[in-house]
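1. Return atomic coordinates for the entry below.
(one chain, ligands or ions: 3)
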Amino acid sequence: MPSGNLILSLNSGSSSLKITLYSRCDSLIQDPGPGKGSDACVKLILNASISNITAPPAKFKFKVEDSSAGSSGVDKEESVEAIKDHATAFAHFLRRLEEFASIQPEEVAYICHRVVHGGNYSKPVIIDKESYEEIEHLSDLAPLHNGAALSVIHACIEKMPKAVSIAYFDTTFHRSIPAHVASYPIDQEIAKRKGLKKYGFHGLSYAYVLRAVAKHLQRPSESLNLIVLHLGSGASACAIKNGLSLDTSMGLTPLNGLPGATRSGAIDPSLIFHYTNRAGKITHDPSAASKVDVTVAEDILNRRAGWKVLTGTTDFGVITSKAELEDSDPSIAERNPCRLAFDMFTDRILNYVGSYFLKLEGEVDGLVFAGGIGERSVQLREKVAERVRTVGFEVLDQERNQAASKTGDEVFKISVDGTGRSVPGAGGRKKEILVCHTDEQFEMANNCTRDDSRW
Ligand SMILES: Nc1ncnc2c1ncn2[C@@H]1O[C@H](COP(=O)(O)OP(=O)(O)O)[C@@H](O)[C@H]1O
Ligand SMILES: CC(=O)OP(=O)(O)O
Ligand SMILES: [Mg+2]
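-> Residues are numbered from 1 along each chain as shown. Ligands and ions are numbered 1, 2, ... in the order given. Got it, this is the predicted structure:
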């Protein structure tokens, strides 16, 4: 057993590194802090994040939340030219930690790492030589993610050798997806040999959202049917039936499904061979988050597509503000690239909400928005809510929709029971529209502290 009482949670996203430090508590906390009502056994000490890693200069934020960490009130924000990737981002964090907080690295017992692709792992795993190599092996299938996480894992082993590193996988939550949903219609012998199937991602977020919404609705999670939209730099949708993942929009890799900051999402697979005649050639981009070599096709679709290539920015807030949403001229999307991106996102989201509604046979308790865009974009939520009304979802409450982006509540309802009109086959469920402030770092740390075998 490691000594110390602290848990460091590290979330290597495609363009960001989010870092949260917690202390372990012996029992459930009554008031774990804003928005953290979900069976918390950890207390927040400090939060840091490095964003824009792939679009320098990176933005570094560092905030000490708990006075026992020494320097209470530290709330720092800076642009750092020297941050070029996740490893240099983590090194910068360690320097600032030493400078601003009276935390000794030896006090950290566990380091929880979000690892996006976990292949067939069905639970978190302690990082040792074997698991490190397996994660490395899976890097090809998550070119923006696994390599970046490994560089941070490597730095932790070097700088904090006494702490135990554990990998928590995005894929674990989706292990319940049935074979006919997870399989692709290709030669099954090849598919099985090479592991070519839908794995699904953002699972730590979906697990958090499920538990938080169950608590909010005062229902056991095993009884809930939800459609959850995790909309961030990478975006995905998930159909949850009786508390288990039934389907999700990402696939073998995090490229499929919804478009993202630099990702195309689902396209006709033949498109890439018409787009370039170098699709299968290997390329290496030294500025990329991951150091994994990928094909030109993967590079184009993962790093040179999505909002960035359509509009010049990865910030969906900026895209929304320039989208001229008040203009109802049908040709506006042809003239305004931001409107094209906004309307495209709404359209693709509806593809999944509509299909998941049918897969859940209309028995849906809630449509939940999460992730940086889902939690902040009042306008996107409004557009989607307008369209799902037709299948019996509750009516959007404009004031609550505005308030949702600012509230500290973990789960916030933004709909009201409108006319009470019922849709045939839609069951007796209320179909609320909710916003959940998801937290992957918390999900990992809380899971770690609640696992008695670790302490
Ligand atoms: N006010 C806003 N409206 C819409 N989107 C926003 C707003 N503020 C930030 N975002 C989006 O949130 C994204 C970050 O979401 P997040 O879930 O933190 O991403 P990730 O974890 O994948 O890096 C940014 O890329 C930006 O597009
Ligand atoms: C899986 C994935 O796309 O993660 P993120 O949105 O954090 O990049
Ligand atoms: Mg993320």
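2. how many neighbours does the one residue in the stretch 151-300 of the chain that gets nearest to ligand 1 have?
-> Scanning the stretch 151-300 of the chain for the residue nearest ligand 1 gives Gly232, at 2.4 Å (criterion: Cβ to the nearest ligand atom). C-beta: built from backbone N, CA, C; applies to glycine. Gly232 is flanked by 22 other residues according to other Cβ atoms under 10 Å.
3. So is the longest strand belonging to the chain next to ligand 3?
-> Longest strand in the chain by number of residues, with DSSP state E as the criterion: strand 42-51. No - if you take Cβ under 5 Å from the ion as the test, strand 42-51 misses ligand 3, and the best it gets is 10.4 Å.
4. Which other helices and strands does that strand contact?
-> When contacts are defined as 3 or more Cβ pairs under 8 Å, 6 or more residues apart in numbering; DSSP states H and E, strand 42-51 packs onto strand 17-24, strand 58-64, helix 86-100, helix 440-450.
5. how about a cut-off of 10 Å?
-> strand 6-12, strand 17-24, strand 58-64, strand 75-80, helix 86-100, helix 440-450 (3 or more Cβ pairs under 10 Å, 6 or more residues apart in numbering; DSSP states H and E).
6. That one vs ligand 1: in contact?
-> No - Strand 42-51 is not in contact with ligand 1 by Cβ under 6 Å from any ligand atom; minimum separation 6.6 Å.
7. now that strand and helix 440-450, what's the angle there?
-> The directions of strand 42-51 and helix 440-450 differ by 150 degrees, with axes from the mean of the first three to the mean of the last three Cα atoms, to 10 degrees as the criterion.
8. Sheet-wise, list the partners of strand 42-51 with their directions.
-> Partner strands and pairing direction for strand 42-51 (DSSP bridges) are strand 17-24 (antiparallel), strand 58-64 (antiparallel).
9. just the helices and strands packed on strand 42-51: most buried one?
-> Burial of those is given as mean neighbour count (mean count of other Cβ atoms under 10 Å); strand 6-12 ranks first at a mean of 27.
10. what bits of the stretch 151-300 of the chain have low per-residue confidence?
-> Residue ranges of the stretch 151-300 of the chain with pLDDT under 70: 285-291.
11. Tell me which residues of the helix or strand containing Leu210 come out buried.
-> Element membership for Leu210, per DSSP states H and E: helix 203-217. Neighbour-count burial for helix 203-217 flags 203-214, 216-217 (criterion: 16 or more other Cβ atoms under 10 Å).
12. Centre of the chain to that helix, how far?
-> Computed by Cα atoms, centre = their mean, to the nearest Å, the separation of helix 203-217 from the middle of its chain amounts to 13 Å.
13. what packs against the next helix or strand after it?
-> Using DSSP H and E, the next helix or strand after helix 203-217 towards the C-terminus is strand 226-231. Contacts defined by 3+ Cβ pairs under 10 Å, 6+ apart place strand 226-231 against helix 203-217, strand 235-241, strand 244-248, helix 337-359, strand 366-370, helix 371-376, helix 378-388, strand 432-436.
14. Now look at the longest one and say if it contacts ligand 1.
-> The one in question is helix 337-359. No - in terms of Cβ under 6 Å from any ligand atom, no part of helix 337-359 sits within range of ligand 1; the closest distance is 10.0 Å.
15. packing partners for that helix?
-> strand 226-231, strand 235-241, strand 244-248, helix 306-311, helix 316-321, helix 332-335, strand 366-370, helix 378-388.
16. can I assume Ala148 sits in a helix?
-> Yes - counting by DSSP: H, G, I helix; E, B strand; the rest coil, Ala148 falls inside a helix.
17. that older thread, identify, from the buried residues of helix 203-217, the entry nearest to Thr171.
-> Proximity of the buried residues of helix 203-217 to Thr171 (Cβ to Cβ) peaks at Gly203, which lies at 5.9 Å.
18. List the contacts of Ala239.
-> Taking Cβ atoms under 10 Å, 6 or more residues apart in numbering, we find Ala239 in contact with 177, 181, 225-228, 245-249, 352-353, 355-360, 364.
19. Give the closest residue to the residue of the stretch 151-300 of the chain found nearest ligand 3 in space, chain neighbours not counted.
-> For the stretch 151-300 of the chain, the residue closest to ligand 3 is Gly232, as judged by Cβ to the ion, at 4.3 Å. Spatial nearest neighbour of Gly232, excluding adjacent residues (Cβ to Cβ, 6 or more residues apart in numbering): Gly371 at 3.7 Å.
20. any idea how far the one you found is from Phe173?
-> Distance, Gly371 to Phe173, using Cβ to Cβ, to the nearest Å: 15 Å.
21. now do Lys215
-> According to Cβ to Cβ, Lys215 and Phe173 sit 17 Å apart.
22. Thought Leu231 was touching Ile349, still the case?
-> Yes - between Ile349 and Leu231 there is a contact under Cβ atoms under 10 Å: 7.8 Å.
23. and the residue of the stretch 251-400 of the chain found nearest ligand 3, how many neighbours?
-> Per Cβ to the ion, the residue of the stretch 251-400 of the chain with the smallest distance to ligand 3 is Gly371, at 6.5 Å. By other Cβ under 10 Å, the residues close to Gly371 number 24.
24. wait, it sits on Cys238?
-> No - counting by Cβ under 10 Å, Gly371 sits too far from Cys238 to count as a contact (11.5 Å).
25. which residues are in contact with both of the two?
-> Joint contacts of Gly371 and Cys238 (Cβ under 10 Å, 6+ apart) are 202, 205, 209, 228-230.
26. contacts with ligand 2 among those, please.
-> Restricting these to those near ligand 2 - Cβ under 6 Å from any ligand atom - leaves His202.
27. With respect to Trp455, which of the shared contacts of Gly371 and Cys238 is nearest?
-> For the shared contacts of Gly371 and Cys238, the minimum distance to Trp455 (Cβ to Cβ) is 25.3 Å, reached by Ser205.
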